[in-house]
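In: Next one to model:
(one chain, ligands or ions: 1)
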Amino acid sequence: MMRVAVLASGGGTNLQALLDTCQGSAPARVVVVISNKATAGALERARAAGVATEVLADPGDGEGIVALLRSYDADLVVLAGYLKLVPEAVVKAFENRMLNIHPALLPSFGGPGMYGHRVHEAVLASGATISGPTVHMVTAEYDRGPIVAQWPVPVAGDDTPETLAARVLEVEHQLLPAVVLAAARAGHVVRLVGKEAAFGGSATPGPVADATLWV
Ligand code: GRF
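Out: Numbers count the residues shown, from 1 in each chain. Okay, here's the model as predicted:
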């Protein structure tokens, strides 16, 4: 059973998708939800699902988060709308075992300050006709870690940031659990190729080689 820790700052709809998927015979469980905001909707969702919650307002040097994650014996860490930069100590401790979901096709439309509606505004301003979520490994830089999975979502001519965000979010709710389940089945984070997961054959988490479009 893969023990998943989720870090979230907001409403937590991606967390909800994970909670709904990681139950019954699924090979993963959300064991703790950590937020920097005591009022985050994600914490309420965790409580409603009987999952432990923790609040760490300031990640500081990251040692507190690392200790917390270790105390819950987390195998995989998922950032689901976590708005703080993850300190290097956490990145190092969970190298290749920490994922983030971003609501655009990285490497475009990512980086510092690119979150929430700003992402979708930038996509619309660029004239791109395709957007969609990206799941990637977390490194010390915002949105720059190796890409694990992406899912294309069409941009409509009359889209507003709100309508585009809603269309992408629906797909996020499928993509993130799919990646977590694939990782849980493999025992490590994997690169997804076509509809099949390509496994490195190693029992320990391995690096992800390159970007792959997963449709
Ligand atoms: C999502 O759009 C995700 O891609 C981004 O933050 C948002 C979180 O939404 N990183 P929610 O809290 O899961 O509803």
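In: can you give me the mean pLDDT across stretch 9-16?
Out: Mean pLDDT, stretch 9-16: 98.
In: close to the ligand, is it?
Out: Yes - Stretch 9-16 lies within reach of the ligand by Cβ under 6 Å from any ligand atom, at 10-15. From N, CA and C alone the C-beta is placed, and that goes for glycine too.
In: buried ones in that stretch?
Out: 9-10, 12-16 (16 or more other Cβ atoms under 10 Å).
In: Can you dump the C-alpha atoms of it in PDB for me?
Out: This file holds the C-alpha atoms of stretch 9-16, laid out as PDB (Å, rounded to 0.1, in the frame of the first residue of the first chain):
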ATOM      1  CA  SER A   9      -3.400  25.400   0.300                       C
ATOM      2  CA  GLY A  10      -6.800  25.800  -1.300                       C
ATOM      3  CA  GLY A  11     -10.200  24.200  -1.800                       C
ATOM      4  CA  GLY A  12      -8.800  20.800  -2.400                       C
ATOM      5  CA  THR A  13     -10.900  19.400  -5.300                       C
ATOM      6  CA  ASN A  14      -7.800  17.500  -6.500                       C
ATOM      7  CA  LEU A  15      -7.300  16.200  -3.000                       C
ATOM      8  CA  GLN A  16     -11.000  15.100  -3.200                       C
END
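In: mind checking how far it is from the chain centre?
Out: The chain centre lies 10 Å from the centre of stretch 9-16; the measure is Cα atoms, centre = their mean, to the nearest Å.
In: Also stretch 89-108?
Out: That offset, for stretch 89-108, works out to 7 Å (Cα atoms, centre = their mean).
In: in that stretch, what's buried?
Out: For stretch 89-108, by 16+ other Cβ under 10 Å, it's 89-91, 93-94, 96-106, 108.
In: restrict those residues to those near the ligand?
Out: The subset of those lying close to the ligand, counting by Cβ under 6 Å from any ligand atom, consists of 101-103.
In: Show me what from this protein comes close to the ligand.
Out: Near the ligand, when you scan the chain using Cβ under 6 Å from any ligand atom, you find 8, 10-15, 80-81, 101-103, 133, 169, 172.
In: what's the closest of those to S71?
Out: A8 (18.3 Å; Cβ to Cβ).
In: Secondary structure element holding A149?
Out: Assigned by DSSP states H and E, A149 belongs to strand 147-150.
In: which helices and strands does that strand pack with?
Out: strand 134-137, helix 161-186, strand 191-193 (3 or more Cβ pairs under 8 Å, 6 or more residues apart in numbering; DSSP states H and E).
In: deepest of these, which one?
Out: Comparing these by mean neighbour count (mean count of other Cβ atoms under 10 Å), strand 134-137 comes out on top with a mean of 24.
In: helices or strands next to it in the packing?
Out: The contact analysis (3+ Cβ pairs under 8 Å, 6+ apart) places strand 134-137 against strand 98-102, strand 147-150, helix 161-186.
In: After the first one, heading C-terminal, what element do we hit next?
Out: What it means is strand 98-102. Following strand 98-102 in sequence, per DSSP H and E, is helix 117-126.
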